[in-house]
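Colleague: Just to be clear, the model below is a prediction. Sequence and coordinates:
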Amino acid sequence: MGEAEDGVKRKRVVFVTVGTTCFDALVKVVDSQKVKDELSRRGYTHLLIQMGRGSYLPSKSTGEDGSLAVDYFTFSSSIADHLRSASLVISHAGSGSIFETLKLGKPLIVVVNEDLMDNHQSELAEELAERKHLYCAHPQTLNQTIAGMDLKSLLPYSPGDATPVAKLINKFLGFPED
Amino acid sequence: MEKNNGGCFSNLSSNLPIIFFIVITIILFRVLYVIYRTGKPLSKRAPQQPLSTLIVLGSGGHTAEMINLLSVLQKESFTPRFYIAAATDNMSLQKARVLENSLADSSEVQGISAEFMQIYRSREVGQSYVTSVWTTLVAMAHALWLMIKIRPEVVLCNGPGTCIPLCVIAFFFKVVGIRWSSIFYVESIARVKRLSLSGLLLYKLSIADQFFLQWPQLQRKYPRAHYVGCLM
């Protein structure tokens, strides 16, 4: 379960991202004791929250007492490094965040924001969950999802390809198709 | 003399309804012609000549998807490039600049140019549809101003509300003969079962020359669109 020989737990980071949005409901629930305990129970040591335009501030913690170490920030120009060093990603349902994470092959829980008008984002999360590329949850069900998840059962996502569109556009405009 | 002037004016005012009717008919025929020509590939007049391209960026995933598409297009054919993002969107133009800078670094060809502009937003995320009507009108006026400066030959967009005023004006330019453009719309990968409002408008009004879908579920509902699979 990630423990090195000297008994010190290997660092396993959970990275939470809300992209460029405001998603206080997710930040709040991730910062709740229930969820933090569940993440600890499942072997994670650090929780890093990218909170975007939200107004709810999580409580930082160094984790010296053995609990989850918690830190947060608002934005960064690129979350790629944070995604790469994460063992689990919990993301809002924005397509940019989802595909950036899937392309890096990281286990992903997508949390749908119910406050968004015309919640089109949930369609993508549900479709990809159906295809077993990620887990999909709502803020209220995040705890159960974390408790019950089997990350090894997730299927890798093969990146898509924009060249069919480029070919059609070129054909339409009379440019050479390659 | 005054009688003559009066006579001229009364002639004009009695002819006004006729003139009005003629103008309306011309516009109507012109609109029908544009709709008829929409979607028909350009005739191969000067295939190697680059086309000025307007690229509409939108917050979050929209820009990521657009950058993804741009990376497979040969830039020499789509130049000069004009990037437009909403005024409240800070990251999109930044991402576009990164793309253009990497092109400038790796390119040996001189004269590939890009410009970056911001436009007032038609609708903020979460804004009610009622107030969106007014903000869309403001965005329309701003879009007209920008489009008059750019007059693009190609328009690439993929969903944000920002693209509607720009595409409508591109269509208007086609109708009045200011500039003929080819409008390409790629529906966002987030749209699996239902089209976005932007997509619906551009599809139903036949404004987009080519309409691309990323999920097969939508192809049945929108047969005039091309299903191209996931781009991301």
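Modeller: Perfect, I can see it now.

Colleague: got the contact list for residue 159?
Modeller: Picking chain A for this. When contacts are counted by CB atoms under 8 Å, 6 or more residues apart in numbering or on different chains, A:P159 touches A:99, A:103, B:232. To be clear about C-beta, it is placed using only N, CA and C from the backbone, and glycine gets the same treatment.

Colleague: wrong one, chain B
Modeller: With contact taken as CB under 8 Å, 6+ apart, B:G159 is in contact with B:58, B:62, B:185-188, B:191, B:196, B:198-199.

Colleague: do the same with A:H133
Modeller: Listed by CB under 8 Å, 6+ apart, the contact set of A:H133 reads A:102, A:108, A:154-157.

Colleague: So which of those sit within strands?
Modeller: Counting by DSSP state E, the part of the contacts of A:H133 found in strands is A:L108.

Colleague: can you redo the contacts of A:H133 as a markdown table with neighbour count, pLDDT and distance to A:T45?
Modeller: Formatted as a markdown table, the entries for these read as follows, by neighbours: other CB atoms under 10 Å in any protein chain shown; pLDDT from 0 to 100; distance: CB to CB, whole Å:
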| residue | neighbour count | pLDDT | distance to A:T45 |
| --- | --- | --- | --- |
| A:L102 | 21 | 96 | 24 |
| A:L108 | 27 | 97 | 19 |
| A:L154 | 18 | 96 | 21 |
| A:L155 | 10 | 96 | 27 |
| A:P156 | 9 | 95 | 25 |
| A:Y157 | 21 | 95 | 26 |
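
Colleague: Reformat the contacts of A:H133 as JSON lines; add distance to A:T62.
Modeller: Conversion of these to JSON lines gives the following (distance: CB to CB, whole Å):
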{"residue": "A:L102", "distance to A:T62": "32"}
{"residue": "A:L108", "distance to A:T62": "27"}
{"residue": "A:L154", "distance to A:T62": "31"}
{"residue": "A:L155", "distance to A:T62": "37"}
{"residue": "A:P156", "distance to A:T62": "35"}
{"residue": "A:Y157", "distance to A:T62": "35"}
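
Colleague: Name the nearest of the contacts of B:G159 relative to A:K11.
Modeller: B:H62 (34.5 Å; CB to CB).

Colleague: Is the closest one part of a helix or strand, or is it coil?
Modeller: Reducing the assignment at B:H62 to three states with DSSP: H, G, I helix; E, B strand; the rest coil gives helix.

Colleague: isn't it right next to B:S188, touching?
Modeller: Yes - here B:H62 lies in contact with B:S188, judged by CB atoms under 8 Å, at a distance of 6.5 Å.

Colleague: For chain B, which segments are assigned as helices?
Modeller: Remark: helices of chain B, listed N- to C-terminal, are B:2-37, B:61-70, B:91-106, B:129-150, B:163-176, B:197-204, B:216-221; assignment by DSSP state H.

Colleague: Same list (the ones you listed) but as JSON lines, adding mean neighbour count.
Modeller: Shown next, in JSON lines, are the helices of chain B (neighbours: other CB atoms under 10 Å in any protein chain shown):
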{"stretch": "helix B:2-37", "mean neighbour count": "11"}
{"stretch": "helix B:61-70", "mean neighbour count": "24"}
{"stretch": "helix B:91-106", "mean neighbour count": "15"}
{"stretch": "helix B:129-150", "mean neighbour count": "15"}
{"stretch": "helix B:163-176", "mean neighbour count": "22"}
{"stretch": "helix B:197-204", "mean neighbour count": "19"}
{"stretch": "helix B:216-221", "mean neighbour count": "12"}
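
Colleague: Out of those helices, which is closest to B:R81?
Modeller: Minimum separation from B:R81 across the helices of chain B (CB to CB) falls at helix B:91-106, 7.5 Å.

Colleague: what does the closest one rub up against?
Modeller: Contacts of helix B:91-106 with the rest of the structure, by CB under 8 Å, 6+ apart, involve A:20, A:77, B:55, B:57-59, B:62-64, B:67, B:70-71, B:75, B:81, B:83, B:85-86, B:112, B:114, B:116, B:118.

Colleague: one more time with 6 Å, if that's ok
Modeller: Residues outside helix B:91-106 that contact it (CB atoms under 6 Å, 6 or more residues apart in numbering or on different chains) are B:57, B:63, B:67, B:75, B:83, B:85, B:114, B:116.
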